[in-house]
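Novice: here is a sequence with its predicted model. Questions after.
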Amino acid sequence: MTDTRPVIWWIRRDLRLRDNPALQAALAMGGPVIPLYIYDEQEEALGAAPKFRLGLGLKAFGQTLEGLGSRLILRRGKALEVLQSVIKETGAAHVVWSRLYDPAAIARDTEIKEALKAADITVKSTGGRLMFEPWTVETKTGGMYKVYTPFWKAVREREVAPLSDAPAKLASPESWPQSDTLDAYQMAAAMRRGAEIVAGYCRVGEAAALEQLDLFLHERIGTYKQNRDFPARAATSELSENLAWGEISPHRMWHLGTRAMEDGKQGAEHFLKEVVWREFAYHLMFHTPHMLTRNWREEWDGFGWREEASADLLKWQQGQTGYDFVDAAMRELYTTGKMHNRARMIVASFLCKHLMIHWKLGMQFFEDCLVDWDPAANAMGWQWVAGSGPDAAPFFRIFNPDGQLEKFDERLAYVKRWIAEGQSNPPQTARDFFEATPRRWQLEAKAMRARPMVDLKRGRERALEAYEQARKDS
């Protein structure tokens, strides 16, 4: 007999209908589906911009569910207690969710699965956030991969789960459990006056993500490899925020990217490598979770980075270093919640090397400011640049922001887009930065341009001296 008792679909980072194994598992159980989002302590702990962007995604997804004759139930509290309460209210017999891979989520989910199973509730966790579950990719000797290129070679021919369509309708329970209002969570509160500005640069929801992927595949992927490092060019997929919140699956990006490669699109393979780079980040986080909080390589623990808050750190955060590429990038971050990948490497190198400030402080600022924040990618990216991580860029590779500017923004299109000072009629993007920043910063578009805060040559020499001293000490 078909089990007609309700199924709770616990929604986390999977705000989509297509290519969603958890949703497919819920539908396969046969009963009405109750989509449930839980605002627990882990959600409350998100940084300002990620929490704000999640709120936008939840609002959009709730509207999508209403179009299927369903609704999104919102509850606040300890996840296990919320689930137990909703089970009692609805008579639900099954709970499904898609896996997360950070240590806190794993610990929470393990406890919940054990408790619900003990209460005779069917519990199923699925993939969906990744193409390859981290524990399924092993070296020939059975260990984890620590270098990207062998990881790429190991997975590039592996089968990726097929795509699935969105359901036309979701069966509803006889009566819906009570739901909070999204406004009650005040998920935009920490953004203060920046919320309205950043919202204007967000691309929210599954439909918008699918449209953007289609644009990328038809107009950009052919020249992706040669154009992706130029921040003023519309060259990348711009899907990072949608991928972060599960509004699009990596599976869809992989399958359609593979099709483009088979059709002879020159940049397609490089795009696929970038999709797998994200998989590699999760592989590392799962096997070595200390990557999120401390140096991946223990020999870096004694390195002489500055770890205290300082005036230098604040100038970097404010886009007031006096170096155009760095400041343009930091202003893009504060205004849009995103930053071009080439720019991320440059600002990280400047902070960790020219200023000798610990990568953790930069990572934490990004964690608060990125609408596409991803724990694995953020940590790996910072440690890659700093030199302390797996498969890292060597510490002596120090980006010169002026040299990078000449190479990747020779006509200053990116700089002019984000730096207002010195322009008689700056674009709206540059002016938006001053509308988004805290008033206590007292920044004005008509102010004098900041002077360079450190001599690049001297900063480089200081970093290399510290590196050589650390090598001797070790």
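Specialist: Everything's here; your move.

Novice: CA atoms for contacts and neighbours, from now on please.
Specialist: Fine.

Novice: check contacts around Gly57.
Specialist: Contacts for Gly57 (C-alpha atoms under 8 Å, 6 or more residues apart in numbering) come out as Leu15, Val204, Gly205, Trp245.

Novice: now it: how far from Arg12?
Specialist: Distance of Gly57 to Arg12, computed by C-alpha to C-alpha, to the nearest Å: 11 Å.

Novice: and for Arg193?
Specialist: Between Arg193 and Arg12 the distance, using C-alpha to C-alpha, works out to 27 Å.

Novice: and Pro394, what pLDDT?
Specialist: pLDDT, Pro394: 85.

Novice: just the one 5 residues further on next, same as before
Specialist: Confidence per residue is given as pLDDT, and for Phe399 that number is 96.

Novice: how about the strands in the stretch 51-200 of the chain?
Specialist: Secondary structure of the stretch 51-200 of the chain (DSSP state E, counting those that start in this stretch): strands at 73-76, 94-98, 122-126.

Novice: against which helices or strands is the shortest one packed?
Specialist: Okay, so that is strand 73-76. Counting contacts by 3 or more C-alpha pairs under 8 Å, 6 or more residues apart in numbering; DSSP states H and E, strand 73-76 is packed against strand 33-39.

Novice: okay, the angle between the strand it packs on and strand 94-98?
Specialist: 60 degrees (axes from the mean of the first three to the mean of the last three C-alpha atoms, to 10 degrees).

Novice: so which bits of the next helix or strand after strand 33-39 are buried?
Specialist: Using DSSP states H and E, the helix or strand that directly follows strand 33-39 along the chain is helix 41-44. When burial is assessed from 16 or more other C-alpha atoms under 10 Å, helix 41-44 yields no buried residues.

Novice: what of stretch 304-318?
Specialist: For stretch 304-318, a neighbour-count test (16+ other C-alpha under 10 Å) marks Trp305, Asp312, Leu313, Trp316, Gln317, Gln318 as buried.

Novice: run the chain-centre distance for that stretch.
Specialist: 23 Å (C-alpha atoms, centre = their mean, to the nearest Å).

Novice: swap in stretch 76-96?
Specialist: Remark: stretch 76-96 is offset 28 Å from the chain centroid, using C-alpha atoms, centre = their mean.

Novice: buried residues, it. List them.
Specialist: 76, 79-80, 82-84, 86-87, 90, 92-96.

Novice: and stretch 67-77, what's buried?
Specialist: Neighbour counts over stretch 67-77 (16+ other C-alpha under 10 Å) mark Ser70, Arg71, Leu72, Ile73, Leu74, Arg75, Arg76 as buried.

Novice: who's in contact with that stretch?
Specialist: Contacts of stretch 67-77 (C-alpha under 8 Å, 6+ apart): 34-41, 61-63, 65-66, 82, 168-172, 177-182.

Novice: which of the residues you listed are buried, as a ChimeraX select command?
Specialist: The buried residues among the contacts of stretch 67-77 can be selected in ChimeraX (16+ other C-alpha under 10 Å) with this line:
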select :34,35,36,37,38,39,61,62,65,82,170,172,177,182
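
Novice: got a winner among the contacts of Gly57 for most neighbours?
Specialist: Trp245 (27 neighbours; other C-alpha atoms under 10 Å).

Novice: and for the closest residue in space to that one that isn't next to it in sequence, the neighbour number?
Specialist: Excluding its sequence neighbours, the residue lying closest to Trp245 (C-alpha to C-alpha, 6 or more residues apart in numbering) is Arg13, at 4.8 Å. Residues within reach of Arg13, counting by other C-alpha under 10 Å, total 22.

Novice: repeat for Ser388
Specialist: Ser388 has 25 neighbouring residues, counting by other C-alpha under 10 Å.

Novice: quick check: it is in a strand.
Specialist: No - counting by DSSP: H, G, I helix; E, B strand; the rest coil, Ser388 falls outside a strand, being coil.

Novice: wait, isn't it in contact with Arg297?
Specialist: Yes - with contact defined as C-alpha atoms under 8 Å, Ser388 counts as touching Arg297 (5.4 Å).

Novice: show the low-confidence segments of the protein, by residue range.
Specialist: By pLDDT under 70, the low-scoring segments of the chain are 1-2.

Novice: map the structural domains onto the sequence of it.
Specialist: Domain segmentation of the chain under automatic domain parsing yields 1-127, 130-162+193-287, 298-473.

Novice: tell me what the helix or strand hosting Gln226 is packed against?
Specialist: Here Gln226 sits within helix 224-227, counting by DSSP H and E. Judged by 3+ C-alpha pairs under 8 Å, 6+ apart, the packing partners of helix 224-227 are helix 268-287.

Novice: touching the helix it packs on from outside, list them.
Specialist: For helix 268-287, the external contacting residues (C-alpha under 8 Å, 6+ apart) are 101-103, 130-135, 144-146, 148, 151-152, 221-222, 224-225, 250, 253-254, 257-258, 260-261, 291-292, 376-377, 380.

Novice: outside of the very next helix or strand once past that helix itself, list whatever touches it.
Specialist: Sequence-wise, the next helix or strand downstream of helix 268-287 (DSSP H and E) is helix 311-317. The contact list for helix 311-317, computed with C-alpha under 8 Å, 6+ apart, reads Thr321, Val326, Asp327, Met330, Leu351, Leu355, Ile357, Phe365, Met453.

Novice: cool, thanks, talk later.
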